[in-house]
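In: quick one, fold the following:
(one chain, ligands or ions: 1)
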Amino acid sequence: MNLKPCPFCGSDGFNHQGGIMCSNSDCFMFNVCASEQFWNNRPLENDLQADIGDLNRENIGLKSILKTLENIDEYKVQGHECYAKHVLLSLRDRLKRIERGKK
Ligand SMILES: [Zn+2]
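Out: Sure, this is the predicted structure:
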């Protein structure tokens, strides 16, 4: 298992007689030996990473909708009102799916 950086100072951890300690002598984890499972356990970070992933996917979806919306007026100018309305309805549907957290 790869060791994550020290949860308190960000320095490298090292294995010392089966436990993990911080390599930074100024960090209180320098003198504390933790199990590998404890050292690498970051539930808040994991939740935040999951949230960031969700937000990135949502942002990509919204950018795609925005890009399509930019072309709606062009369809209308070209006399394709019906197609513009169809695109708008499909965008509303995509937006609802994004709001529900689905792709
Ligand atoms: Zn540390």
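
In: going by C-alpha atoms from here, please, whenever you check contacts or count neighbours.
Out: Fine.

In: neighbours of the closest residue to the ion within the chain, just the number please.
Out: In the chain, the residue that lies nearest the ion is residue 9 (4.1 Å; C-alpha to the ion). The number of residues packed near residue 9 is 14, by other C-alpha atoms under 10 Å.

In: repeat for residue 29
Out: With other C-alpha under 10 Å as criterion, residue 29 counts 19.

In: contact partners for it?
Out: Contacts for residue 29 were tallied using C-alpha atoms under 8 Å, 6 or more residues apart in numbering; they are 6, 8, 21-22.

In: can you tell me how far it sits from residue 23?
Out: From residue 29 across to residue 23, the span is 8 Å (C-alpha to C-alpha, to the nearest Å).

In: how about the residues of the protein that lie near the ion?
Out: 6, 9, 22, 27 (C-alpha under 5 Å from the ion).

In: could you find the closest non-adjacent residue to the second one?
Out: In space, not counting the residues next to it along the chain, residue 9 is nearest to residue 27; the distance is 6.6 Å by C-alpha to C-alpha, 6 or more residues apart in numbering.

In: and residue 20, bridged to which residues?
Out: residue 15, residue 34 (DSSP bridges).

In: that one and residue 72, how far apart?
Out: 58 Å.

In: the more surrounded of these two?
Out: residue 20 (25 against 17).

In: buried stuff in the biggest helix by length in the chain?
Out: In terms of residue count, the longest helix belonging to the chain (DSSP state H) is helix 43-77. Using 16 or more other C-alpha atoms under 10 Å as the test for burial, helix 43-77 gives 57-58, 61-62, 65, 72, 75.

In: which helices and strands does it pack with?
Out: Packing partners of helix 43-77 (3 or more C-alpha pairs under 8 Å, 6 or more residues apart in numbering; DSSP states H and E): helix 81-99.

In: quickly find the element holding the residue lying farthest from the centre of the chain.
Out: Here the chain reaches farthest from its C-alpha mean at residue 79, the gap being 40.9 Å by C-alpha atoms, centre = their mean. Using DSSP states H and E, residue 79 sits in no helix or strand.
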